[in-house]
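J.: Following is a predicted model, sequence given first.
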Amino acid sequence: METAERAAVRERAEAVLRRLAGDHARLREDQWRAIEALVVDRRRVLCVQRTGWGKSAVYFVATALLRERGEHGPTVIVSPLLALMRNQVEAAARAGIRARTINSANLDEWDQITAEIQTGAVDVLLISPERLNNPDFRDGVLPKLAATTGLLVVDEAHCVSDWGHDFRPDYRRLRTFLAELPERTPVLATTATANSRVTQDVAEQLGDALILRGTLDRESLRLGVLDLPSPAHRLAWLADHLDQLPGSGIVYTLTVAAAGETAEFLRSRGYPVASYTGQADDADRRAAEQDLLDNKIKALVATSALGMGFDKPDLGFVVHLGAPPSPIAYYQQVGRAGRAVEHAEVLLLPGVEDAAIWRYFASLAFPPEQQVRAVLAALHPDRPLSTQALEPLVDLRRTRLELMLKVLDVDGAVRRVRGGWLATGEPWVYDEARLRRVAEARTVEQQAMREYATTSDCRMRYLRERLDDTGATDCGRCDRCADPLFSADVSTAALAAAQTFLGRPGVEIAPKKLWPTGLDAVGVPLKGRIAPAEQALPGRAVGRLSDLGWGGRLRDLVGPEAPDAPLPDDVASAVVEVLKAWSHGDDPWPRRPVGVVAVGSRRRPRLVGSLAERIAAVGRLPLLGEVTPTGPGGPAGPRGNSAQRVRALHDAFTVPADLAEALAGLDGPVLLVDDLIDSGWTMTLVARALRRAGAPDVLPLALAVAG
């Protein structure tokens with residue numbers, strides 16, 4: 001195309017941008033280079049540009065120009081989160097672009113949307129990566145869609161790479177999508193968080209791609225770190241200083257429990273805040289997002305579920321209670337702030353517990369080869385097995401099993417179909433060396449995050465260098481380059497309130513009511529509902545291992561490396577407080593217990609035994625005995641999923657004759673005492689054994705709940 005023609009295309013691109021973003025808007029040079037490559041040269045482009053640079057403008061402008069040039073197929077945007085999809089549909093409408101979404105939340109609209117695509121009535125179609133391997137979508141919609149796509153956009157493209165901080169195997173399905181596109185179909189991949197290794201990996205998967213990599217400086221962000229000695233100090237600092245932070249913003253936590261606790265405490269101190277986690281209902285998450293967008297709340301207290309896809313240009317601050325496991329993940333999350341304001345505050349409040357949380361999430365990585373081979377051996381070539389049906393056969397939690405199956409699907413070893421998964425019979429190699437290198441890279445990233453918190457150099461420069469930004473220089477704004485704006489001081493009143501709040505012991509334990517599916521396949525004669533006459537009542541524990549308050553203390557007692565020792569006095573006092581609240585609180589036990597029974601423990605007999613003795617003494621209750629673990633070594637620790645746990649524990653405990661005799665004469669419930677509830681099946685099966693032996697009811701009581 002001649003220079004004059006390219007100039008005319010740029011003029012049209014500028015006009016579309018003004019329609020999208022206002023009369024003041026002008027294309028950045030790399031935005032134009034990307035649009036030119038997509039529209040004029042029909043190339044594949046990878047844009048690695050900072051948050052707020054305007055990546056969405058590139059694909060909306062390119063879409064409008066392609067439609068003007070007679071391209072009838074829609075732009076297909078693969079996007080990881082519904083929040084981003086909602087933002088993008090609204091943004092597209094401003095530019096006169098007709099956008100629709102296909103996702104799990106609008107199944108009833110799929111047929112209508114598919115018909116609209118076929119008639120050319122849809123300019124932009126947004127889909128989640130999970131749709132790419134949904135059997136109905138993959139087999140019924142995707143082939144036609146790939147054949148007619150006018151532009152493919154891969155948003156948050158670092159998810160394609162297992163070197164990236166948020167690798168998602170569903171994104172690997174894009175290789176199939178790419179292979180089925182007509183020749184010279186333009187492709188745009190975008191991300192703000194990719195170092196050189198991730199950039200190279202993504203570019204190789206795209207094929208011959210133009211890489212446009214810009215500076216990662218964020219002139220509006222002022223970075224700082226506050227080293228505070230405890231979770232109570234961190235909550236107290238927020239209570240003292242949240243109203244001093246500009247506008248509205250996000251407070252990130254590392255766990256769901258911490259998000260709930262932090263939001264509850266801040267509300268108790270008079271702040272309008274909401275929590276946002278992956279465990280919340282979609283409607284609740286949408287309402288929380290909208291309240292933040294409308295500045296109805298001061299902060300959204302969120303886990304990484306809000307990490308990508310949320311667009312609020314005037315977000316005034318991001319505070320982290322606990323450090324993410326890598327500078328790349330941290331940069332991605334803080335990038336939500338300061339997109340359309342001159343100054344935004346970014347503060348990290350790291351905790352000593354961060355490393356333990358990182359280790360837990362690292363434990364969910366791709367399973368060892370033996371477990372993978374067991375899954376492949378269990379699958380058939382012509383009779384699909386559901387994930388639920390596989391669980392009794394393999395020692396993996398469901399989320400980890402599903403992740404592994406998705407990777408195997410991408411590798412061609414299994415195939416997802418209606419009803420479950422099939423083995424393809426294709427040869428498959430366990431790439432142990434690559435998995436080891438990925439794990440080693442994660443360890444390096446965690447150390448880099450520790451160094452970010454303690455560096456004496458410019459913090460923005462440190463982050464940019466970790467993302468391989470060759471133009472990184474001192475920012476002149478952070479708490480290392482200039483005087484810190486905030487001190488680590490907390491008021492006596494706020495600290496006392498936080499300590500009281502976090503010091504409250506007590507969480508409810510919901511009883512199990514259904515057996516896991518598929519137990520009959522592994523010789524366990526249990527299925528359906530647990531008989532009411534064999535169920536436990538709702539129970540209590542001092543706290544969760546992930547709690548901001550009691551979590552650290554409980555990890556010292558029942559964590560993997562904790563020694564067996566008698567119950568400490570401070571935890572014994574907390575148990576007494578739990579019992580008091582349980583007997584007189586809003587949801588009290590139905591009848592006062594009349595005896596105490598311990599779960600026999602080979603791992604911590606001194607801790608469990610002393611716990612039962614202290615409770616019996618304080619409550620003036622008879623200590624009736626303990627349920628005895630049987631078999632070689634007893635139950636072998638927490639299993640990967642519920643079916644495996646029940647399989648291991650079924651008939652693994654015996655009610656001794658003297659205990660059974662004592663139970664038969666009782667006229668009230670017994671307290672069943674243990675140190676840790678992980679899956680909850682030990683308590684369920686031991687309670688069942690006690691009920692079958694004559695106990696009228698069972699009230700579970702534990703020191704800690706995992707999670």
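T.: Alright, I've got the coordinates.
J.: can you give me the strands in the stretch 401-550 of the chain?
T.: Ranges of strands within the stretch 401-550 of the chain are 414-417, 420-423, 507-509, 539-544, based on DSSP state E, counting those that start in this stretch.
J.: from the ones you listed, which stretch is densest packed?
T.: Each of these was scored by mean neighbour count; the highest is strand 539-544, a mean of 24, by mean count of other Cβ atoms under 10 Å. (Glycine included, C-beta is placed from N, CA and C.)
J.: Who does that one pair with, and is each partner parallel or antiparallel?
T.: In the sheet, strand 539-544 lines up against strand 507-509 (antiparallel), strand 698-705 (parallel) (DSSP bridges).
J.: if we can go back for a sec, dump the strands of the stretch 401-550 of the chain into a markdown table; add mean pLDDT as well.
T.: What follows is those, written out as a markdown table (pLDDT from 0 to 100):
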| stretch | mean pLDDT |
| --- | --- |
| strand 414-417 | 92 |
| strand 420-423 | 94 |
| strand 507-509 | 94 |
| strand 539-544 | 96 |
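J.: P696: which of the ones you listed is closest?
T.: Proximity of the strands of the stretch 401-550 of the chain to P696 was assessed by Cβ to Cβ; the nearest stretch is strand 539-544, lying at 15.7 Å.
J.: Have a look at the protein and report the helix or strand with the lowest mean pLDDT.
T.: helix 82-94 (a mean of 66; mean pLDDT, DSSP states H and E).
J.: re earlier: looking at the strands of the stretch 401-550 of the chain, spot the one closest to G150.
T.: Short answer: strand 414-417, nearest of the strands of the stretch 401-550 of the chain by Cβ to Cβ, at 27.7 Å.
J.: possible to save the strands of the stretch 401-550 of the chain as a markdown table with distance to P186?
T.: Shown next, in a markdown table, are those (distance: least, Cβ to Cβ, whole Å):
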| stretch | distance to P186 |
| --- | --- |
| strand 414-417 | 29 |
| strand 420-423 | 34 |
| strand 507-509 | 53 |
| strand 539-544 | 49 |
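J.: Any idea which of these gets closest to A433?
T.: Across the strands of the stretch 401-550 of the chain, A433 has its closest neighbour in strand 414-417 (22.1 Å, Cβ to Cβ).
J.: What are the contacting residues of that closest one?
T.: Residues from elsewhere that reach strand 414-417, judged by Cβ atoms under 8 Å, 6 or more residues apart in numbering: 133, 135, 138, 376, 379, 384, 405, 408-409, 421-424.
J.: Recalculate using a threshold of 7 Å.
T.: Around strand 414-417, the neighbours that count as contacts under Cβ atoms under 7 Å, 6 or more residues apart in numbering are N133, P135, L379, P384, L405, L408, D409, W421, L422, A423, T424.
J.: What of stretch 183-194?
T.: Contacts for stretch 183-194 (Cβ under 7 Å, 6+ apart): 34, 38, 42-51, 55, 58-59, 149, 151-158, 164-165, 178, 202, 206, 328, 331-332, 335, 467.
J.: Just the buried residues from those, in ChimeraX please.
T.: Buried residues among those (16 or more other Cβ atoms under 10 Å), as a ChimeraX selection:
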select :34,38,43,44,45,46,47,48,49,50,51,55,58,59,149,151,152,153,154,155,156,157,158,164,165,178,202,206,328,331,332,335,467
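J.: re the thing from before, give the PyMOL command for selecting the buried subset of the contacts of strand 414-417.
T.: Per 16+ other Cβ under 10 Å, the buried members of the contacts of strand 414-417 correspond to this PyMOL selection:
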select buried, resi 133+379+384+405+408+409+421+422+423+424
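J.: of the contacts of strand 414-417, closest to P74?
T.: Nearest member of the contacts of strand 414-417 to P74, counting by Cβ to Cβ, is N133, at 20.3 Å.
J.: Now that the closest one has come up, it's in contact with R172, right?
T.: No. Contact criterion Cβ atoms under 7 Å: N133 and R172 do not qualify, at 9.3 Å.
J.: what about the protein, any weak spots by pLDDT?
T.: The model of the chain has pLDDT under 70 over residues 1, 81-88, 95, 104-105, 164-165, 307-309, 631-639.
J.: that older thread, out of the strands paired with strand 539-544, which is the most enclosed?
T.: Mean neighbour counts for these (mean count of other Cβ under 10 Å) peak at strand 698-705, with a mean of 26.
J.: For that one, give me every contacting residue.
T.: 507, 509, 536-537, 539-545, 554, 557-558, 571, 589, 593, 611, 669-677, 683, 687, 690-691.
J.: what helix or strand is A340 on?
T.: In the assignment (DSSP states H and E), A340 maps to no helix and no strand.
J.: Could you tell me how many residues sit around the residue lying closest to it once chain neighbours are set aside?
T.: The shortest distance from A340 to any non-neighbouring residue, by Cβ to Cβ, 6 or more residues apart in numbering, is to P313 (3.4 Å). Neighbour count for P313, taken as other Cβ atoms under 10 Å: 12.
J.: does P313 sit in a helix, a strand or a coil?
T.: Assigned state for P313: coil (three-state reduction, DSSP: H, G, I helix; E, B strand; the rest coil).
J.: what's it sitting at in phi/psi?
T.: Backbone torsions of P313, given as degrees, to the nearest 10, read phi -60, psi -30.
J.: V334 against A344, yeah?
T.: No. In this structure V334 lies outside contact range of A344 using Cβ under 7 Å: 8.7 Å.
J.: Common neighbours of these two, please.
T.: Common neighbours of V334 and A344 (Cβ under 7 Å, 6+ apart) are L221.
J.: What ranges does the stretch 151-300 of the chain have for its helices?
T.: Read by DSSP state H, counting those that start in this stretch, the stretch 151-300 of the chain holds these helices, from start to end of the chain: 174-180, 196-206, 231-241, 256-268, 282-293.
J.: which residues touch the longest one?
T.: What that stands for is helix 256-268. 235, 238-239, 242, 251, 253, 273-275, 277, 279, 301-303, 321, 498, 501, 544, 546-548.
J.: again, only using 6 Å
T.: 235, 253, 273, 275, 277, 279, 301, 303, 501, 544, 546-548 (Cβ atoms under 6 Å, 6 or more residues apart in numbering).
J.: now those residues: which count as buried?
T.: Buried, going by 16+ other Cβ under 10 Å: L235, T253, V273, S275, T277, V301, T303, F501, R544, S546, D547, L548, out of the contacts of helix 256-268.
J.: how about those, which pair is most distant?
T.: Farthest-apart pair in the buried ones among the contacts of helix 256-268 is V273 and R544; separation 20.7 Å (Cβ to Cβ).
J.: Return the distance of the helix ranked longest in the chain from the chain's centre.
T.: In terms of residue count, the longest helix belonging to the chain (DSSP state H) is helix 432-454. Distance of helix 432-454 from its chain centroid, counting by Cα atoms, centre = their mean, to the nearest Å, is 19 Å.
J.: CA-only coordinates of it in CSV, if you can.
T.: Output in CSV follows, covering the C-alpha atoms of helix 432-454 (Å, rounded to 0.1, in the frame of the first residue of the first chain):
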residue,chain,number,x,y,z
GLU,A,432,9.9,-33.2,34.2
ALA,A,433,12.8,-30.9,33.3
ARG,A,434,10.5,-28.1,32.1
LEU,A,435,8.3,-28.4,35.2
ARG,A,436,11.4,-28.2,37.4
ARG,A,437,12.6,-25.1,35.6
VAL,A,438,9.2,-23.5,36.1
ALA,A,439,9.3,-24.3,39.8
GLU,A,440,12.8,-22.9,40.1
ALA,A,441,11.7,-19.8,38.3
ARG,A,442,8.8,-19.4,40.8
THR,A,443,11.4,-19.6,43.7
VAL,A,444,13.5,-16.9,42.1
GLU,A,445,10.4,-14.7,41.7
GLN,A,446,9.5,-15.2,45.4
GLN,A,447,13.0,-14.1,46.4
ALA,A,448,12.7,-11.1,44.1
MET,A,449,9.5,-10.1,45.9
ARG,A,450,11.3,-10.2,49.3
GLU,A,451,14.0,-8.1,47.8
TYR,A,452,11.5,-5.5,46.5
ALA,A,453,10.2,-5.1,50.1
THR,A,454,13.7,-4.4,51.4
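J.: what packs against it?
T.: Using 3 or more Cβ pairs under 6 Å, 6 or more residues apart in numbering; DSSP states H and E, the elements in contact with helix 432-454 are helix 327-334.
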